[in-house]
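1. predicted model, plus sequence, below.
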Amino acid sequence: MRFTLPSRTSHRRTIRLAGVLLAGGLALAACSGGDDQPASSSSVPADATFNAADVTFAQDMVPHHEQAVEMAELVPDRSTDPRVIDLAQRIEAAQGPEIDMLNGWLQDWGASSDDEDGGHSGMDHSGMDHGGMMSEEDMSALEGASGIDFDRMWLQMMLEHHTGAVGMAQTEITDGEDADAVAMAQDIRDSQSAEITEMEQLLQDLSTQ
């Protein structure tokens, strides 16, 4: 599922920050030129924008990714299937850094990471959908399984989890405004769709054992 978004995103954010600083300097220069020279209303670059969909995407995806990482961490002690172990390692390696990026964006946007205060500007997230999240009972059952029974249960749960993430990502692609968040959503959609196909094949293989 994995992509090289951190370096790309870091580059984009460096460019955006430079643009903001440059625009701010121009605005100050305009103000110092005389009282009859108001600062330009276009001093903030157009690409330095985000909307409620971006905040919702980040706030929803953080706990979603955290649970995926938690599920992946269960694999080494419970599975002996190298294919399942490899998939879990890839999921953990990719989604850990994404969690850090999502939290960084929320901080930049002035929004909480857990949505306790409604997020940026008091936005209402009562309709949030953490698609495919496992319940506490699901996680307890998974923790208690081992061997091929664990593999089947884990694959079924992660498949459902990924399906939810793809839906969340598609919503961000359609409704989001922040270029970096939309780019991450596209990567999540593409990579996790491929992993869904991989897990479906693994489940089919395990059904004959």
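-> Ah, there it is. Residues are numbered from 1 along each chain as shown.
2. spatially nearest residue to Ala181, not counting backbone neighbours?
-> The shortest distance from Ala181 to any non-neighbouring residue, by C-beta to C-beta, 6 or more residues apart in numbering, is to Asp54 (4.7 Å). Backbone N, C-alpha and C define where each C-beta goes, glycine included.
3. please, which helix or strand holds that neighbour?
-> Here Asp54 is covered by helix 52-73, with elements defined by DSSP states H and E.
4. any idea how far Thr56 is from the closest residue to Ala68 other than its chain neighbours?
-> Excluding the flanking residues, the one nearest Ala68 by C-beta to C-beta, 6+ apart is Gln95, at 5.3 Å. Using C-beta to C-beta, to the nearest Å, Gln95 is found at 18 Å from Thr56.
5. cool, Met101 as well?
-> Distance, Met101 to Thr56, by C-beta to C-beta: 16 Å.
6. so which of these two has more stuff around it?
-> Thr56 (25 against 20; other C-beta atoms under 10 Å).
7. please enumerate the helices of the chain.
-> Counting by DSSP state H, the chain has helices at residues 5-32, 52-73, 82-108, 136-143, 147-175, 179-206.
8. with mean pLDDT added, can I get these in JSON lines?
-> Listed next are these as JSON lines, based on pLDDT from 0 to 100:
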{"stretch": "helix 5-32", "mean pLDDT": "40"}
{"stretch": "helix 52-73", "mean pLDDT": "98"}
{"stretch": "helix 82-108", "mean pLDDT": "98"}
{"stretch": "helix 136-143", "mean pLDDT": "98"}
{"stretch": "helix 147-175", "mean pLDDT": "98"}
{"stretch": "helix 179-206", "mean pLDDT": "98"}
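9. please identify the most buried of those.
-> Comparing the helices of the chain by mean neighbour count (mean count of other C-beta atoms under 10 Å), helix 52-73 ranks first with a mean of 21.
10. what's the angle from that one to helix 82-108?
-> Inter-element angle recorded for helix 52-73 and helix 82-108: 150 degrees (by axes from the mean of the first three to the mean of the last three C-alpha atoms, to 10 degrees).
11. quick revisit: I'd guessed the residue nearest to Ala68 sits against Val62; true?
-> No. Gln95 is beyond contact range of Val62, at 10.1 Å (criterion: C-beta atoms under 8 Å).
12. tell me how far the residue nearest to Gly132 when sequence neighbours are not counted lies from Asp151.
-> Excluding the flanking residues, the one nearest Gly132 by C-beta to C-beta, 6+ apart is Gly164, at 2.4 Å. As for Gly164, its distance to Asp151 is 21 Å (criterion: C-beta to C-beta).
13. ok, the residue nearest to Ala68 - contacts?
-> Met1, His65, Ala68, Val69, Ala72 (C-beta atoms under 8 Å, 6 or more residues apart in numbering).
14. repeat that with 10 Å
-> Counting by C-beta atoms under 10 Å, 6 or more residues apart in numbering, Gln95 touches 1-2, 61, 64-69, 72, 102, 165, 188, 192.
15. do the same with Ala165
-> Neighbour list for Ala165: 1, 60-61, 64-65, 68, 95, 130-133, 185, 188-189, 191-193, 195-196 [criterion: C-beta under 10 Å, 6+ apart].
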